[in-house]
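Trainee: fold the following.
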Amino acid sequence: MKVILIDALPKLGKIGDIVVVKNGYAKNFLIPNKKAICFTEENYKSFESKKHEFEQGSIARLEGASKIKALTEGKNIIIIENASDDGRLYGSVNSSLIASKINELIGEKLVEKSAIFLNKPIKETGIYEAKLALHSELSISVKLVVSRTESEAQALLNPKKPAKAKEESESSSEENSDNDAQRKPRKKKEKASE
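Mentor: Model prediction:
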């Protein structure tokens, strides 16, 4: 099917390109999501008259994507979910939940679930990374922290290394006390032999 792109798409083309795609891709994705229109002479003339509007819309979306990047860069998206004691979630974390958390963080509804891509389904607590394809020219990665409580999320983000050092100091102090216990009887034996 021949379509006219009204939005820039990576690997497909820029605004105004006439491309041939499979019928299902055009009817199920491009046209309903307002990424393309069917190619006819009448539609092409209509597109030419509105091309400037489509380009302005693309620029506005790019500015919105830049705003989202600035607000989420370096921040952790904390998602609190019910999970068993071994960390398995009772459900899973999906793209619509992630989108709502990001929108909550930035204070506006700018991110849609279709813009979020996960490497694998999230079914356990832990730290994950998701890719946000906000615009054809801009995509970012965000860090997701999935946990049962806020304190557990902080523990995942800041693993306590001093606890190991504390354990080592306790075990070394026990060894020292054992060594001291062994030294004291020696002194007594030496005194007894004199």
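Trainee: run a quick neighbour tally on the closest residue to residue 35 other than its chain neighbours.
Mentor: Leaving aside its sequence neighbours, residue 35 sits nearest to residue 7 (CB to CB, 6 or more residues apart in numbering; 4.6 Å). (C-beta placed from N, C-alpha, C; glycine too.) Residue 7 has 19 neighbouring residues, counting by other CB atoms under 10 Å.
Trainee: what about residue 7, which SS state?
Mentor: Following DSSP: H, G, I helix; E, B strand; the rest coil, the label given to residue 7 is coil.
Trainee: which of the helices or strands spans the residue nearest the centre of the chain?
Mentor: Taking CA atoms, centre = their mean, the centroid of the chain lies closest to residue 130, which sits 2.9 Å from it. Using DSSP states H and E, residue 130 falls within strand 126-135.
Trainee: show me what that strand is packed against.
Mentor: Where contact means 3 or more CB pairs under 8 Å, 6 or more residues apart in numbering; DSSP states H and E, strand 126-135 is packed against helix 41-72, strand 116-118, strand 138-147, helix 150-157.
Trainee: pretty sure the residue nearest to residue 35 contacts residue 31?
Mentor: No. With contacts counted by CB atoms under 8 Å, residue 7 stays clear of residue 31, the gap being 11.4 Å.
Trainee: by mean pLDDT, flag the weakest helix or strand of this protein.
Mentor: The helix or strand of the chain with the lowest confidence, counting by mean pLDDT, DSSP states H and E, is helix 162-193 at a mean of 50.
Trainee: can you tell me which residues contact residue 39?
Mentor: 2, 3, 4, 18 (CB atoms under 8 Å, 6 or more residues apart in numbering).
Trainee: quick check, nearest of the residues you listed to residue 158?
Mentor: The closest of those to residue 158 turns out to be residue 3 (CB to CB; 49.9 Å).
Trainee: hmm, back to that, what's the angle between the strand holding residue 130 and helix 41-72?
Mentor: With axes from the mean of the first three to the mean of the last three CA atoms, to 10 degrees applied, the angle from strand 126-135 to helix 41-72 works out at 140 degrees.
Trainee: check which residues of strand 126-135 are buried.
Mentor: Neighbour counts over strand 126-135 (16 or more other CB atoms under 10 Å) mark 128, 130, 132, 134, 135 as buried.
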